[in-house]
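[1] Attaching a predicted model along with its sequence, questions to come.
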Amino acid sequence: MIPFVILAIENDSDRDFMEKLYLEYNLLMYSEAKNIVESQWDAEEIVQTVVEKLINHISKLRGMTRECRVNYIITAVINCALSQKARDKRISFVDIEDEFTSDVDDGFDMDDRLIDQSNKDILYAAWRNLGQKTKWFLSEKYVLEKSNDEIARDAGIQPDSVRVMLARARNALRKEFFKLSRD
């Protein structure tokens with residue numbers, strides 16, 4: 001299926017060029033991304049991001065030989081995948097761990113702090129048990145404080161789908177939290 005971002009190109013010639021380019025190279029792009037990132041969803045996201053970036057370089061792509069174009073696209077995918085992987089490492093637990101381990105004097109007495117710390121420990125354990133896609137949506141919304149529209153743009157989905165994905169992600173975290181809190 002052709003990504004919406006390509007179908008939205010106003011110039012017919014550019015749209016046709018990008019459709020052909022996507023159909024010719026999408027499996028190669030996905031394969032290269034999958035070699036670097038773990039999940040299928042991440043690989044698809046990387047391909048979507050690269051396609052968006054390639055649209056900004058249509059005239060450059062048109063002037064390249066086939067060999068140069070292949071190398072250019074593969075390099076773009078590899079760079080995007082490596083950037084995504086580095087970003088995931090930076091974001092995944094650092095901010096959340098800091099939140100769980102902060103020693104802020106917030107006016108709670110020691111009992112309240114112990115209960116709060118216990119809940120944080122359970123929440124952190126629950127977080128570790130979530131899938132990567134679920135963590136991504138929750139991090140984007142609650143750690144990076146992005147709007148649903150921004151998340152939708154980054155994920156290449158509709159804003160209404162973000163609302164649904166966030167509801168599912170919150171439910172998954174809630175279920176995992178309650179499961180662990182009963183143990």
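    All right, it came through fine.
[2] What is the longest helix of the chain by residue count?
    helix 66-92 (DSSP state H).
[3] Quick one: list the elements packing against it.
    Packing partners of helix 66-92 (3 or more CB pairs under 8 Å, 6 or more residues apart in numbering; DSSP states H and E): helix 12-36, helix 40-55. (Glycine included, C-beta is placed from N, CA and C.)
[4] Could you list the domains of the chain?
    4-86, 93-182 (automatic domain parsing).
[5] Test for you: state the pLDDT assigned to Ser118.
    Looking at Ser118, its pLDDT is 61.
[6] Let me know which of the helices and strands packed on helix 66-92 is tucked in deepest.
    The highest average neighbour count among those, using mean count of other CB atoms under 10 Å, belongs to helix 40-55 at a mean of 20.
[7] now it against helix 12-36, angle please.
    140 degrees (axes from the mean of the first three to the mean of the last three CA atoms, to 10 degrees).
[8] Quick one: mean pLDDT over stretch 18-38.
    91.
[9] Low-confidence bits of this structure, can you list those?
    88-118, 183 (pLDDT under 70).
[10] How far off centre is the longest helix of the chain?
    Distance, stretch centre to chain centre, for helix 66-92: 14 Å (CA atoms, centre = their mean, to the nearest Å).
[11] Then stretch 61-73?
    With CA atoms, centre = their mean, you get 27 Å for stretch 61-73.
[12] now do stretch 135-142
    Using CA atoms, centre = their mean, the offset of stretch 135-142 from its chain centre is 9 Å.
[13] Tabulate the CA atom coordinates of that stretch in PDB.
    These are the backbone C-alpha positions of stretch 135-142, laid out as PDB (Å, rounded to 0.1, in the frame of the first residue of the first chain):
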ATOM      1  CA  LYS A 135       6.200   1.900  25.800                       C
ATOM      2  CA  TRP A 136       6.700   4.100  22.700                       C
ATOM      3  CA  PHE A 137       3.200   5.500  22.800                       C
ATOM      4  CA  LEU A 138       3.200   6.100  26.600                       C
ATOM      5  CA  SER A 139       6.700   7.700  26.400                       C
ATOM      6  CA  GLU A 140       5.700  10.000  23.500                       C
ATOM      7  CA  LYS A 141       2.600  11.100  25.400                       C
ATOM      8  CA  TYR A 142       3.600  11.300  29.000                       C
END
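[14] who does the helix or strand hosting Glu150 touch, helix- and strand-wise?
    Assessed by DSSP states H and E, Glu150 sits inside helix 148-155. Helices and strands touching helix 148-155, as assessed by 3+ CB pairs under 8 Å, 6+ apart, comprise helix 159-182.
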